[in-house]
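Asks: just to be clear, the model below is a prediction. Sequence and coordinates:
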Protein chains: 2
Amino acid sequence: MKFKMLYSFLNTDLQLIEKQLEAAIQADSPVLRQASLHLLQSGGKRIRPVFVLLASKFGNYDIHVIKHVAVALELIHTASLVHDDVVDDADLRRGSATIKSKWDNRVAMYTGDYIFARALEVMSHIDNPSAHQILAKTMVELCLGEIEQIKDKFNFEQNWRTYFRRIKRKTALLIASSCQLGAIASSADKEVCQKLYKFGYYVGMSYQITDDILDFTGSEEELGKPAGGDLRQGNITLPVLIAREDPKLRMIIETVHEAISNKEMDIIIKAIKDSGSIEKAAEVSNLYLKKAFAELEGLPSNQARKTLSQIAKNIGKRKF
Amino acid sequence: MKFKMLYSFLNTDLQLIEKQLEAAIQADSPVLRQASLHLLQSGGKRIRPVFVLLASKFGNYDIHVIKHVAVALELIHTASLVHDDVVDDADLRRGSATIKSKWDNRVAMYTGDYIFARALEVMSHIDNPSAHQILAKTMVELCLGEIEQIKDKFNFEQNWRTYFRRIKRKTALLIASSCQLGAIASSADKEVCQKLYKFGYYVGMSYQITDDILDFTGSEEELGKPAGGDLRQGNITLPVLIAREDPKLRMIIETVHEAISNKEMDIIIKAIKDSGSIEKAAEVSNLYLKKAFAELEGLPSNQARKTLSQIAKNIGKRKF
């Protein structure tokens, strides 16, 4: 079943959110228009707004309140994508950035800032201090996750704990907060808010691990870039950490460096794929999914719960 | 009289704010420690917190509420300084950035993001939706100002209106908001909040124009960089816009480009200084100051009002 089919009953509300997203970043600057394009193209699934809306169904669902939360969270996600596009030195050294894109480096940074600020503006319609605290804390963690990821590039000494903390900060917390803030803004029971937060957290962890697996197993066509791109860029993900436990594999993995040739890289990627570490990483992802399902069981049984469960199943099975 | 002497009665409260500023960005990352250094070194005056505290004196002054506003605004200012340090292409092309500083480019960006997020976390203690709305709008404008400044580099077609809009966004609004939010968070009368906002706006405009003048008239020792740095970097400020009204000067000003030699640049700077445009720009700055004083006259007469007036006078007279 297609992802979007799972929540077609939200279509009208999601269309409203789509309009508000576009309206929020209207500005007569070309770069800002480019960013809107990024916004529209990057996240067809609008997974964060979907989680916000579904979580709100456990309280007093009012789209005209909840839309602010959904739009704010999607804008924060978008701003972080825009900042991800800011070229770093590594890219510059490889010469892969055009002069034009370099010229736009600071502009891209301020565009991300601008979208962040718009997110806050939208969120300021929510009159609930604890919602603002949760969002601010999530953003703090998100930034720490980004800084860690840069610091940990090509650091082969990192362990599972480092990896889990990083994907928690980079991905899982924003999904957890989407669920939690949807519930809080619709005045759901405290216990329900907490369970939804945990559900989002576990789903987010599973989602990111799956993403990191697909970076190895996906075809160039599916990924839009050659497989193994994470490792190539020095991002050490779970399949690599598992493969590295074999001393022989460890030796060849640690030869990876920025200027490695495609031929050498292909050999290393194949070795990781053949080692069984992909399957083991998938097991870890499934463990998180199971924890997510367990949280759902404690929630009132309704259509939203059913849909959250289906989305989680879909995340487990997705191929790209 | 020294700047800080003007508000020595705020010393205890300012020391508290200093501690909270340090606490807010504590983290065990070296880059974040560097940013804290930036924070501590850059703003000895803490002009934004000072304005917040003084404005709060017109309402129910409670340092344990108001400190959140003061710290948040100073953090936002600091984050914007950190983002200003992100190297753009122009710097790269000139080769002035070391590999190390280039490597830290993205890290500096995320550090700025982190400080922004910390600011929001601090601000979330304020239970007043309109305060959050004002802050978010100010941040939106700040970003637009930064984007405009980059876009308008070496654009000799811009006019006074463009310049005023840019310095409003880049500088004046944050000072205006500091005054306004201090007043709002201490529940001052609506009219008082409005007057303080306008006072801050006019002072901020005057402050920035003076800054732009000092960039021409200051010595290399005072500025910590050669005079005329703004124009050298393509930032067209009021003295340049005034000088450009003379067709002869216009011709030589428009020869300025990124790779101009110091010798050529010195001739152009001297021509601008000799043209009388510095004095005319100072008149404009003074006009804004007069408007600021006029706003103060409508406020209750108290020590805070007296101090705001003295600070404004000081801004008019400052030499660097």
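Replies: Right, received. Where do you want to start? Numbering: from 1, shown residues only, chains lettered A, B, ... in the order given.
Asks: and the spatially most central residue of chain A, which of the three is it?
Replies: With distances taken as Cα atoms, centre = their mean, the residue of chain A nearest its centroid is A:Thr171 (4.1 Å). Recorded secondary structure, A:Thr171: helix (DSSP: H, G, I helix; E, B strand; the rest coil).
Asks: the longest helix in chain A is where?
Replies: When chain A is parsed with DSSP state H, its longest helix is helix A:190-217.
Asks: list the buried ones in it?
Replies: A:192-193, A:195-217 (16 or more other Cβ atoms under 10 Å in any protein chain shown). In short, each C-beta sits where N, CA and C put it, glycine included.
Asks: ok now it, how far from the chain's centre?
Replies: The gap between where helix A:190-217 is centred and where its chain is centred comes out at 9 Å by Cα atoms, centre = their mean, to the nearest Å.
Asks: again with stretch A:169-188
Replies: 13 Å.
Asks: and it, average pLDDT?
Replies: Averaged over stretch A:169-188, pLDDT sits at 97.
Asks: can you check stretch A:273-280 too?
Replies: Regarding stretch A:273-280, the rounded mean pLDDT is 95.
Asks: and the gap between the spatially closest residue to A:Ser219 that is not a sequence neighbour and chain B?
Replies: Spatial nearest neighbour of A:Ser219, excluding adjacent residues (Cβ to Cβ, 6 or more residues apart in numbering or on different chains): A:Ala227 at 7.2 Å. Distance, A:Ala227 to chain B, using Cβ to the nearest Cβ, to the nearest Å: 24 Å.
Asks: now A:Ala227: which helix or strand?
Replies: Remark: A:Ala227 resides in no helix or strand, with elements defined by DSSP states H and E.
Asks: for A:Leu21, same thing?
Replies: helix A:11-24.
Asks: does stretch A:169-176 come close to chain B?
Replies: No. Using Cβ under 8 Å from any Cβ of the partner chain, stretch A:169-176 stays clear of chain B, with a minimum separation of 11.2 Å.
Asks: end to end, how far does that stretch reach?
Replies: End-to-end distance of stretch A:169-176: 11 Å, with Cα to Cα, to the nearest Å as the criterion.
Asks: hey, which helix or strand in chain A has the poorest pLDDT?
Replies: When each helix and strand of chain A is scored by mean pLDDT, DSSP states H and E, helix A:89-94 comes last, with a mean of 47.
Asks: circling back to that earlier point, contacts for the helix holding A:Leu21 next, please.
Replies: A:7, A:36, A:39-40, A:46, A:49-50, A:53, A:63, A:67, A:70-71, A:74-75, A:118-119, A:121-122 (Cβ atoms under 8 Å, 6 or more residues apart in numbering or on different chains).
Asks: burial count for the residue nearest to A:Gln310 when sequence neighbours are not counted?
Replies: Nearest residue to A:Gln310, sequence neighbours excluded (Cβ to Cβ, 6+ apart): A:Leu6, at 4.9 Å. Counted with other Cβ atoms under 10 Å in any protein chain shown, residues neighbouring A:Leu6 total 19.
Asks: which ones are touching A:Leu6?
Replies: With contact set as Cβ under 8 Å, 6+ apart, A:Leu6 has these partners: A:Thr307, A:Gln310, A:Ile311, A:Asn314.
Asks: which among those residues gets closest to chain B?
Replies: A:Ile311 (27.7 Å; Cβ to the nearest Cβ).
Asks: next up, the contacts around the closest one.
Replies: So A:Ile311 contacts A:Phe3, A:Leu6, A:Tyr7, A:Ile47, A:Val50, A:Leu54, A:Val203 (Cβ under 8 Å, 6+ apart).
Asks: in this structure the fifth one contacts A:Ser8, no?
Replies: No. Proximity of A:Val50 to A:Ser8 does not meet the contact threshold set by Cβ atoms under 8 Å, at 11.3 Å.
Asks: show residues contacting stretch A:121-134.
Replies: A:20, A:24, A:65, A:68-69, A:71-72, A:75, A:135, A:177, A:180-181, A:184-185, B:120-121, B:123-127, B:129, B:132-133, B:135-137, B:140.
Asks: redo that, cut-off 6 Å
Replies: For stretch A:121-134, contacts defined as Cβ atoms under 6 Å, 6 or more residues apart in numbering or on different chains pick out A:24, A:68, A:71-72, A:177, A:181, A:184-185, B:124, B:127, B:129, B:132-133, B:136.
Asks: quick one: mean pLDDT over stretch A:37-48.
Replies: Stretch A:37-48 comes out at a mean pLDDT of 73.
Asks: which of the contacts of stretch A:121-134 fall in helices?
Replies: If you go by DSSP H, the contacts of stretch A:121-134 have A:Ala24, A:His68, A:Val71, A:Ala72, A:Ser177, A:Leu181, A:Ile184, A:Ala185, B:Pro129, B:His132, B:Gln133, B:Ala136 in helices.
Asks: what pLDDT is listed against the third one?
Replies: At A:Val71 the predicted local distance difference test score is 96.
Asks: so how far is A:Phe51 from it?
Replies: 13 Å (Cβ to Cβ, to the nearest Å).
Asks: same check, this time on the fourth one
Replies: As defined by Cβ to Cβ, A:Ala72 lies at a distance of 13 Å from A:Phe51.
Asks: what sits against A:Val65?
Replies: Each residue near A:Val65 by Cβ under 6 Å, 6+ apart is listed here: A:Ala185.
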